[in-house]
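A.B. asks: have a look; sequence and predicted model below, questions after that.
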Amino acid sequence: MMGDKSLFAVCMVDSLFGTASGEDCAVIHTHDGGVTWQEQEAYFLPHGWLVSDYAGIIFENRYQGMMVGSLGLVVETNNGGATWDWVTAPGIGDVNAVVKTGPDTGLIAGQNGAIITFDAETIWD
């Protein structure tokens, strides 16, 4: 599966659908409650970046999700992880976690104690 890459976060939306993320942009996905896992393509870094880790992941439902990681990396999906899009995030260095605080709001935790709020218009469009 992922070989020697470490996984740092997992999000299960329900008893069947889940995604895990980790080292060197590793992303795996399950449709059967974790019995089997498939790798997903989520390796797209801005020009000049060599590597990044996905440290946190969250899904709103089976389709809308977000991953955050080192060097300020924030990506989102609106199709269950089939594709991921780069989201511009404030320059806070490494981004370590993402959590939902309401139906359309959440927090991103970053380097040196940085905490950023987001809402449906800024992230989940």
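C.D. replies: Happy to help now that I have it. These numbers come from a predicted model, not from an experiment.
A.B. asks: residue 57 belongs to a strand?
C.D. replies: Yes. Counting by DSSP: H, G, I helix; E, B strand; the rest coil, residue 57 falls inside a strand.
A.B. asks: that one contacts residue 25, correct?
C.D. replies: No. Under the criterion of CB atoms under 8 Å, residue 57 makes no contact with residue 25, lying 11.9 Å away. (Glycine included, C-beta is placed from N, CA and C.)
A.B. asks: what about residue 101, helix or strand, and which?
C.D. replies: Element membership for residue 101, per DSSP states H and E: strand 95-102.
A.B. asks: sheet partners, orientation included, of that strand?
C.D. replies: Strand 95-102 has its sheet partners listed here by DSSP bridges as strand 105-110 (antiparallel).
A.B. asks: just the CA trace of the partner strand, in CSV.
C.D. replies: The C-alpha coordinates for strand 105-110 follow below in CSV (Å, rounded to 0.1, in the frame of the first residue of the first chain):
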residue,chain,number,x,y,z
THR,A,105,-17.2,26.7,10.1
GLY,A,106,-13.9,25.4,11.5
LEU,A,107,-10.4,26.1,12.7
ILE,A,108,-7.0,25.4,11.3
ALA,A,109,-4.1,25.1,13.8
GLY,A,110,-0.6,26.0,12.7
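A.B. asks: what does it rub up against?
C.D. replies: Contacting residues not belonging to strand 105-110 are listed as 56, 58, 68, 72, 74, 89, 92-101, 115-120, 123 [CB atoms under 8 Å, 6 or more residues apart in numbering].
A.B. asks: in that strand, which residues are buried?
C.D. replies: By 16 or more other CB atoms under 10 Å, the buried positions in strand 105-110 come out as 106, 108-110.
A.B. asks: check which residues of the strand holding residue 101 are buried.
C.D. replies: So, applying 16+ other CB under 10 Å, buried residues of strand 95-102: 95-98.
A.B. asks: closest to residue 5 out of those?
C.D. replies: Ranked by distance to residue 5 (CB to CB), those are led by residue 96 at 17.7 Å.
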